[in-house]
Every structure is written in C-alpha cells, then in structure tokens.
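**Student:** any chance you could fold what I've pasted below:
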Amino acid sequence: MSSYVICRSLFLLCLISSVLFHTGQSQNDLSGSGAETKPVKEKEQIRTEEKPVKEKKVRLVGSLYGNPWEGRLEVLHKGKWGTVCDDGWDMAISNVVCRWLGYIGAQNYIFDSYFGQGRGDIWLDNVRCYGNETSLWKCRHNPVGENDCTHREDVGIRCEKKTLEEQKAYRRKQRLRKMKVRLTSSSTLMPASDGFLEVYARNRWRAICSDDWDITDSKVVCGMLGFPDAVPIGDTGKRQHKRKSIMLTNVGCSGKESVFGDCPMDDLKDWKSCTSKSSVQIKCKRGDLVLDAEEPMKFMRQKVNTVVEENEITPPPPEAFKSNKVEFGIQNEQPVKSRPLPWIRLRGGGNFGEGRVEVKYRGKWGTVCSKGWDKVSANVVCRQLGFGSAKELVTDGGYGQGIGPIWLNKVSCKGDEKDILDCNHGSWNASRDCTHTNDAGVKCHVPDIGVKDKVQVIGGTELSPNQGRVLIEIDNTWGTICSEGWDLFDAAVLCRQMGMGFARYALERSVHFGAPRLDILITDVQCDGSERMLQECSYRKLSVNETCPRNHRAGVVCGEYLPDILLDIHRLEESVYLQDFPEYMLQCAAEENCLSSVPASFGSRRLLRFSSAIMNRGTAAFRPFLDRYNWIWHACHVHFHSMEVFTHYDIVNHKGERVAEGHKASFCLEDVYCDSGATPYFSCEGQQGISPNCVDLYANNIDCQWIDITGVKPDSYLLRIDTNPDVLVAESDYSNNEILCQLYYNGFQVVVGGCRYVADDDNY
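**Tutor:** Residues are numbered from 1 along each chain as shown. Model prediction:
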C-alpha cells in the first residue's frame, strides 16, 4: 500500500473523530438515557479499557449518615484512590456504578462535590456509558488521570438500597411461594393424602430430596393441601421416584409456614448430590371434609326447624317480677374458674373453610380482634376446625361484623398449638382499642374433594360467569333439575359446591340461559345448608310418567357479597311491656291480621309490645324482595308494604304448640342509626333498605309491633321471633334469623329474658 493511501486514510479517520466531537453529538446519543447531563468538556479523546486490571476497584464515601449506598464516587488505580469528575455524568453511568457495587440500580446522582471534596488524583473524566456495562472501566472515558477538573466537580451517587443479592433472593422466594405441590400414589382415595411429594417448577413436576426431611416439613405440605396434620410414615421401601428430577433439598420448615415455599430450602444442582438418593414421601390426616370421612363435616344448618322440648321452658326466679328484670339461662351463670370446653367456628363466608372467626366462652359467642392477627395464629384456627393451614388473612370485618363481646385480642400463637385458647392472648373481652370493625377472619386451605366436578352452571356470560342453569350428575348421568321446591337454601349449597360464594337468587325459570338440551333428573330438592354438595340433599328422582311444569328448570345467581340481618336481643328484652288497648281503636291492625281470633275481654285486647331493632351485619345492603312499583298499598295506614311478612312472632307452650302469634310487615325499611364509620343511605322517603352495619328500628308504640295474647293462660312459654321468615331476600347467614326467649306470664305481668339465637345452641 502506498504512503499516499495510508496518509489519506489516517486523515479521514482524524476528520471523522473531529466531526463527532465538534458537531455537538450528546452523551444521551451514546448512553441511550434521557437524563439531564452536565456538558462534556471537549478536550480529550475518549477511550475504552476492555480488559481492566484486577486492582481497579470502586467505592462510595462521605455519606453524612454513613450509608453504604451513597457518597462520593472513588476508584482505585495503581493502588491509589481517586475521584471522578462529573462532566457529562448521567443516570446510565450511575446505574453501571451502582450495579458494579452490588445494588440493583441508582436513585440519582449529584454534581459539585455534594458529599465533600476528595483528595489526591481525579482519575476519570468525561465518562460515557451505554448502561449495560459491568464496570466503569468498560465505559468510554479520557485517559486515566487526564482531566481539566477540580475536586469541586467530584461526582456523588445515591444507589437504591436493595442489593442484587437481595433482589435475587426475593425473586427466588416469590417463585417458591407460587410453587404448586401434589402427592402421587397408587391409592384410589380422592383427594390423595399420601404418596411422593412433587412440586411444579421449571415447567414440570419434580421430586424433592429426602435429606433432613421430618414430620414438621410434612405438616406444612399437608396444611397447604388442605389437610389438618401429618401422620408419621414408615419405610415403604420405595425411594426411586423421579430421581433425576430432584431439584430441592435440606428443607427446614418451622411449622409456622402456611405454604411450602415459605420454608427455607436449598437448590440441588444435580440429583447425585442427594445423599439419601430418595424422594420425599408423606402421609396426611384426611380430616372430616373429604367425602370418605367416617364422620363427614357438617356446616351450619341454614334452614331452621325449631323443635321445642319441655325442659327448654323454665320459670324465672321469684324475684324477677319485683325487679322487673329476668336472668335465667346462660345469663345467670357464675364465673367459671377453670377454662370451659372451647368452641370455635367460622361465620359469614360463602365457601368451604372461610369466614369470621368466632369463639364461644361462658355460653356466649364472640369475635377475635384482628390487631396483631397473623398467619401463625390463623393456621391454628384452620387446623382446629379440620382444614389445612391459613391461605389468606381477612381483617377489619371483611366477612361482616360480628355481635356480642370481642373475646380475644393480641392473639399470639407459636404454631404448634392444637387450640387457639392455648395461644397467648389478652384478657377475655378486655380490648379497649378494638371494635367489631376489627373482627378477624380467615380463608383456610381446603382439600379438593371433587364436588365441584359433580355440578355445572351453564349459560352465563363472560362478565357474569357465576349464573346460569344448573346441571347435576346423578348415577353417572348429567341432567337438569326441576325447579319445583327449588329455593335459596338449595342454591346456597350449589354455589358453595362450585366455589362461587353465596346464592343471591334461586331461579325457578332458566330459559334465558338457552334452551335445555338434557333430561330432567331430579325434583323436590331440599337442603338445610349443612351439606357439602347437592347430591347430599334430599331429592326425588323424576319418574317416567312424571312431568315438570314447562320451562321450570332450576337456575342460580351466585355472588360474593350479601346482607345478614338479625334482631338486637338486648333492645328486645329491655322494651317488653303489656298493654290493654280498646279493640275499636285497632281497626287498621285488624285489617292487617295483627289481632288474635280470640274474642276481646270487655272490649279490650291485651298486647305484648316490644321493639324490634333489625341489624344488618353483612357486606351488602338488605333490600325489599319486590321493587317499589310492586309494593302493596294499605289505605288504612296510608302506606305501602315493601314486604308483607318481614318478621313473624310466636308464643309456644311446652308441647311446641303455638298459643299466640303475630307478624310485622315492612312498611319502611331505613337506616335509623349506624355504627361508627357506616353512613346512612336508606330512608322512607327515598330508597328503602338497611345498609351494612346500620339498624332499622320498629319501636314498641307502632301498630302490629306486638303479639295479641288475649285469652292466653298464665304459664311459662317460649317467645320465638323469625326475621325474613319466608327467605325471600338472600342473606349470607339465615341461621341467626330466629331467636328464642324465655317468657313467663302470670296473668298481670310478663317477663322476657334468656334470649338467644337458635344457631348458638350447642346442639344446633
């Protein structure tokens, strides 16, 4: 090659370099960052050191608070620390430095020696990075030590506090938390409760090395699968299960974990590193929810069929009439020195194993404060109830607010307790900073018992998948249900079976979900709410010669939120009194059938008056069954009835016979008063209903707020009050709609007390 060509090539190269420097090409063009930068001083050729010497290091110094993630940037060169000039500095360079130091990135950078001026050399100037370099030395910069800066231009950096190792550990933990588990065995029991443990990772099911595995580890896995405990398992002789797929070892669960991925464990690079050369096998206690349980789990009955026994009716103490008060039943119990038999339940949940936690103490049900409520304590509750570990905490009255005392607060469990009362907690009913807005709830891990596959809800839309026509499998045949007798109790069992929450509507006709293409299999379905699936309810198979009314195919609308109304017992007991009232002044009440058929005594009727305070403790508003255009007008009282029978009253003798009765229509459902934090919405003049955590009051001085006891003989009785008796409006809990009270009438005075919700009976 001639000297002319060489000289011309060198000239062009120099010319191109000069253009790049003097045409104003910005640092952002090199780094790809849009951050504001300090102008680069145009003096030196920038170069890149592709192979930095090993002794070159970096540090941040001068933080006012000694924080390791911020300070003046210094680099080590030939055994001496020096600073870096801030000319042309931007976020891309800052990120390179912070990642080099082991942090996830930079928060910002600061000009003009914010962290103090350094001493000695200024090693680097005019640094330019793309942002993906692994060290500052791989970025372009002036020759080391060549600069036109002073220490007033030393750059400072503030990195993110989280390190790359912490981020890596966090991501691994999140990946493990989401890891699915299963048991594989030759057993035909469903769901499987024993066998080899497998985890789903890296797109396949893998085994776990049994090194250091113990019963505590098995307990955590069983809890995640919905089983209450683990059972010791002997040597089965089977070890070589998916040996080459083993990926985890040295599992060390403490027993407090709710999911297996929370346990500490090590990754196994190669299955040959598994010392035992065997896979984990476990066996779980099956519990009572599974279909093959010897004593199947029963849920709270919703359909109340109270049978009055003779020993239920007891006279009050002699002093009752003197003090005009009565205390009998559980209210007259003496303080118990020894701890009573514990009772615990979940209320307000629509699916298996979820709800508000309630504890029974000294005959009364109360709630648990959610302040300090954690997964460890919730695990104890779930296992005590026969479920697995806690899947999710629900705090602050998420399942509706309870009533009565808040028995427990500051609950602190270690995780190995068999009973929540074995855990540390504050004094009984002694919480001063908790209200029912803080009621604790839990969603437990439950086993997949296979009931969801035995029914279907079809015809819903993508936006409303929880509604449609009901299909059921009977004797391996799929078909529809005749809706004769189909009600909200039946629909509630179906929605829970499907995992769809509560039943909002039990539809008698489902033609709008499409034409039925399957035969009708059953009719007259009757559930009481305690069943795990519709197949456990009472029903009758449709005979060959039997027909179902046209288009009567059962349908359902399920939902997550419903009201829950119940009577305020204390307001009832304190408002009772007798009144003799002239019959001629009760014409409107007579038109509404609020009077007894027994003839009046000397033109007067004896009325047992009391107030009804109806509380809504659910998670949705209680609204009338009919829209306002279909309400019934009553001219005598000059108002509409939104529900003809809102509450039913009975007085029952020791034989279970009704001796007097009454009822109350809802002519005005409204929010008379509300708990703190709840806002009244409904009123008589506008929309009618009862908002969550609000109360509608029917005072004892209004028409029909009584039972006409004219002609009733003096004796001991039971007062029975049932709200929403015809179950026309869907609720999350119907079992608390009925209350029973002891009533004693001596012919001149009446005493009512010992009131209780029927569902609170021990044998309910």
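**Student:** how about the nearest residue to residue 352, chain neighbours excluded?
**Tutor:** Leaving aside its sequence neighbours, residue 352 sits nearest to residue 446 (C-beta to C-beta, 6 or more residues apart in numbering; 4.6 Å). To be clear about C-beta, it is placed using only N, CA and C from the backbone, and glycine gets the same treatment.
**Student:** okay, now the one you found: neighbour count?
**Tutor:** 22 (other C-beta atoms under 10 Å).
**Student:** shouldn't it be within a helix?
**Tutor:** No - counting by DSSP: H, G, I helix; E, B strand; the rest coil, residue 446 falls outside a helix, being coil.
**Student:** can you report phi and psi for it?
**Tutor:** phi -120, psi 150 (degrees, to the nearest 10).
**Student:** and if you look at residue 628?
**Tutor:** Backbone torsions of residue 628, given as degrees, to the nearest 10, read phi -60, psi -20.
**Student:** show me what contacts it?
**Tutor:** With contact taken as C-beta atoms under 8 Å, 6 or more residues apart in numbering, residue 628 is in contact with 640, 642, 688.
**Student:** the second one: how many residues sit nearby?
**Tutor:** If I follow you right, that is residue 642. Neighbours around residue 642, by other C-beta under 10 Å: 22.
**Student:** thought it was touching residue 687?
**Tutor:** No - applying C-beta atoms under 8 Å, one finds residue 642 not in contact with residue 687, separated by 10.6 Å.
**Student:** residue contacts, the residue nearest to residue 352?
**Tutor:** Going by C-beta under 8 Å, 6+ apart, residue 446 touches 226, 289, 352, 353, 387, 388.
**Student:** and for the first one, the neighbour number?
**Tutor:** Each residue near residue 226 was counted by other C-beta under 10 Å, and the total is 27.
**Student:** gap between it and residue 387?
**Tutor:** Remark: distance between residue 226 and residue 387 (C-beta to C-beta, to the nearest Å) = 6 Å.
**Student:** overlap in contacts, those two.
**Tutor:** Here residue 226 and residue 387 have 287, 289, 353, 444, 445, 446 as joint contacts, going by C-beta under 8 Å, 6+ apart.
**Student:** what bridges to the nearest residue to the third one once chain neighbours are set aside?
**Tutor:** Yep, that's residue 353 we're talking about. Excluding its sequence neighbours, the residue lying closest to residue 353 (C-beta to C-beta, 6+ apart) is residue 444, at 3.7 Å. Here residue 444 sits in beta bridges with residue 390, as judged by DSSP bridges.
**Student:** surely residue 444 touches residue 386?
**Tutor:** No - if you go by C-beta under 8 Å, residue 444 and residue 386 don't touch, sitting 9.2 Å apart.
**Student:** and the two? Which one has more around it.
**Tutor:** residue 444 (28 against 21).
**Student:** quick one, what contacts the more buried one?
**Tutor:** By C-beta under 8 Å, 6+ apart, the neighbours of residue 444 are 226, 353, 354, 378, 381, 382, 385, 387, 388, 389, 390, 391.
**Student:** hmm, 10 Å instead?
**Tutor:** 223, 226, 228, 258, 346, 349, 351-355, 378-379, 381-383, 385-392 (C-beta atoms under 10 Å, 6 or more residues apart in numbering).
**Student:** same question for residue 425.
**Tutor:** 359, 368-369, 372, 377, 407-413, 431 are the contacts of residue 425 under C-beta under 10 Å, 6+ apart.
**Student:** thinking again about what came up before, overlap of the contact sets of residue 642 and residue 687?
**Tutor:** 623, 624, 628, 669.
**Student:** worst-scoring helix or strand of the protein, pLDDT-wise?
**Tutor:** Every helix and strand of the chain was ranked by mean pLDDT, DSSP states H and E. The lowest is helix 27-31, at a mean of 32.
**Student:** having no further points to raise, I will conclude here.
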